[in-house]
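[1] Would you be able to build a 3D model of this:
(one chain, ligands or ions: 1)
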Amino acid sequence: QTPAPTKATGNDFINVFETLSGKQAGVRKGHAKGVCATGEFEPSEQALHYSNSPLLRSGKSQANIRFSMAGGNPNADERARTPRGIGVQFITEKGEVHNIAGLTTPVFPGKSPEVFLGLLNTLVPNEQGKVDFKKVAEYRKQNPSTLGQFNWLQAHNPPSSYAHTTYFGIHTFYMVNDEGKHTPFRWQLVPETAQKQLTDEQMTSLESSFLAKQLEQDLAQAPIHLQLQAVIGQAGDPVNDPSVQWPADREVIALGRLTLTASGKNQCDPTNFDPNLLAPGFAPSDDAVLKLRSSAYAISFGKRLTGQ
Ligand code: HEM
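    Numbering: from 1, shown residues only. Got it, this is the predicted structure:
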């Protein structure tokens with residue numbers, strides 16, 4: 001039996017990422033492989049009574065975007081059944097900043113940082129360089145909150161384009177209005193065009209890196225639009241557990257429209273998409289996974305900006 005650790009720190013994650021993927025100097029310790037994009041965000045009026053945020057009130061914001069592959073491998077195989085990620089940094093006309101960073105899976109593999117860290121620990125190869133997949137499966141059985149994402153990834157082939165897939169914020173956040181009322185929500189970014197997934201055949205025949213080129217080709221045709229939506233929580237919906245999805249019938253409102261216009265430059269390299277950096281009018285939940293992300297991202301950011 002491999003029990004989940006009792007306490008996890010940001011450093012524990014950086015260490016296990018570096019063990020799993022090798023020391024990759026100067027790059028992100030998670031989501032190492034990615035591509036920058038730029039665009040703008042036009043807010044909708046639907047959320048104005050929930051939140052007094054300048055992001056929703058002050059006209060268009062600039063968007064600094066990065067799409068990525070989960071994991072610390074800068075050469076990750078883009079045909080793999082792993083999550084893809086998006087980070088968006090919104091910058092309002094007055095310079096207020098709001099970050100989001102989410103995944104293509106609606107849930108996270110662990111209800112706490114400790115359960116996720118324990119899962120990563122089981123993936124470390126033994127002295128013969130082999131991963132003990134029986135141990136991994138046993139750990140998953142003992143920690144069922146790791147299973148939701150795993151099952152989702154088995155049931156959905158990976159996207160064939162970063163621009164044609166839905167991204168989920170996974171954690172709960174709150175919108176805060178002038179009266180101080182906190183409304184729980186989970187964000188999602190939904191493409192306006194059809195979702196596109198790799199076929200089983202493409203999952204073996206395609207080369208292992210195509211997403212950056214595909215994004216460039218998609219953008220050469222036309223700008224790409226994604227709807228930023230808020231799924232509104234109801235009393236009793238779990239707010240601190242990122243491994244559990246809310247019931248499918250929850251109200252969905254529009255926060256605004258993200259338009260991508262260009263990709264392939266490097267403006268997102270020195271960006272830390274810390275998901276706890278929120279504009280006024282938004283607040284984080286007490287989700288321990290969400291809280292831990294700030295520390296892990298800061299360590300990774302400090303290391304990669306100093307060539308480590
Ligand atoms: C304990 C849990 C987690 C840990 C330790 C962790 C760790 C990391 C680290 C170290 C980075 C690199 C940061 C940088 O160098 O700027 C990163 C990036 C990222 N993570 Fe996490 N993460 C966690 C949970 C999550 C969750 C729950 C999500 C989605 C909801 C997520 C989505 C992302 C994305 C999209 C990026 C790439 C951002 C970018 O392009 O810069 N992570 N993560």
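
[2] mind checking which helix or strand G307 is in?
    According to DSSP states H and E, G307 maps onto no helix or strand at all.

[3] could you list every residue that touches the residue nearest to it when sequence neighbours are not counted?
    Excluding the flanking residues, the one nearest G307 by CB to CB, 6 or more residues apart in numbering is G26, at 5.2 Å. (C-beta placed from N, C-alpha, C; glycine too.) Residues in contact with G26 (CB atoms under 8 Å, 6 or more residues apart in numbering) are R304, G307, Q308.

[4] One more pass at 10 Å, please.
    P74, D269, K303, R304, L305, T306, G307, Q308 (CB atoms under 10 Å, 6 or more residues apart in numbering).

[5] cool, I91 as well?
    By CB under 10 Å, 6+ apart, the contact set of I91 is E40, F41, L55, S61, Q62, A63, N64, V97, H98, A279.

[6] what do you get if the cut-off is 6 Å, keeping everything else the same?
    Residues near I91 by CB atoms under 6 Å, 6 or more residues apart in numbering: S61, Q62, V97.

[7] and the closest residue to T38 other than its chain neighbours, how many neighbours?
    Distances taken as CB to CB, 6+ apart put A262 closest to T38, at 5.1 Å, once the chain neighbours are dropped. Counted by other CB atoms under 10 Å, the residues lying close to A262 total 15.

[8] So in that sheet, which strands flank the helix or strand containing A262, and in what orientation?
    When elements are assigned from DSSP H and E, A262 belongs to strand 252-263. Paired strands of strand 252-263, with direction, are strand 33-43 (antiparallel), strand 224-232 (antiparallel) (DSSP bridges).

[9] can the ones you listed go into JSON lines with extra columns for mean pLDDT, distance to D241 and mean neighbour count?
    Below are the strands paired with strand 252-263 laid out as JSON lines (pLDDT from 0 to 100; distance: least, CB to CB, whole Å; neighbours: other CB atoms under 10 Å):
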{"stretch": "strand 33-43", "mean pLDDT": "98", "distance to D241": "27", "mean neighbour count": "21"}
{"stretch": "strand 224-232", "mean pLDDT": "98", "distance to D241": "15", "mean neighbour count": "21"}
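
[10] how far does whichever strand or helix holds Y139 sit from the chain's center?
    Using DSSP H and E, the element containing Y139 is helix 133-142. The gap between where helix 133-142 is centred and where its chain is centred comes out at 24 Å by CA atoms, centre = their mean, to the nearest Å.

[11] so what does it touch, helix or strand wise?
    Helices and strands touching helix 133-142, by 3 or more CB pairs under 6 Å, 6 or more residues apart in numbering; DSSP states H and E, are helix 113-122.

[12] what sits against the closest residue to the ligand within the stretch 51-200 of the chain?
    Nearest to the ligand in the stretch 51-200 of the chain, going by CB to the nearest ligand atom, is G85, at a distance of 2.7 Å. By CB under 6 Å, 6+ apart, G85 lies in contact with H31, S68, L103.

[13] at 8 Å what do you get?
    Contacts of G85 (CB under 8 Å, 6+ apart): H31, G34, F67, S68, M69, A70, A101, G102, L103, T104, Y167.

[14] what bridges to it?
    Counting by DSSP bridges, the residues bridging with G85 are S68, L103.

[15] distance of the most centrally placed residue in the chain from I86?
    Centroid-nearest residue in the chain: G102, 2.1 Å away (criterion: CA atoms, centre = their mean). Distance of G102 to I86, given as CB to CB, to the nearest Å: 6 Å.

[16] Mutual contacts of these two, please.
    With CB under 8 Å, 6+ apart, G102 and I86 have common neighbours Y167, L189.

[17] the strands in this structure, which residues?
    33-43, 61-69, 84-91, 97-103, 167-168, 173-176, 182-191, 224-232, 252-263, 282-284 (DSSP state E).

[18] Who are the contact partners of the closest residue to E18 other than its chain neighbours?
    Sequence neighbours aside, K29 is the residue nearest to E18 in space, at 6.6 Å (criterion: CB to CB, 6+ apart). Residues in contact with K29 (CB under 8 Å, 6+ apart) are F13, I14, F17, E18, S21, G72, A296, I299, S300, K303, R304.

[19] correct me, but the third one touches P74?
    Read it as F17. No. Checked against CB atoms under 8 Å, the pair F17 and P74 is beyond contact range at 11.8 Å.

[20] Out of the strands paired with strand 252-263, flag the one nearest N240.
    Of all the strands paired with strand 252-263, strand 224-232 sits nearest to N240, with 16.0 Å by CB to CB.

[21] and the angle for the closest one with strand 84-91?
    90 degrees (axes from the mean of the first three to the mean of the last three CA atoms, to 10 degrees).
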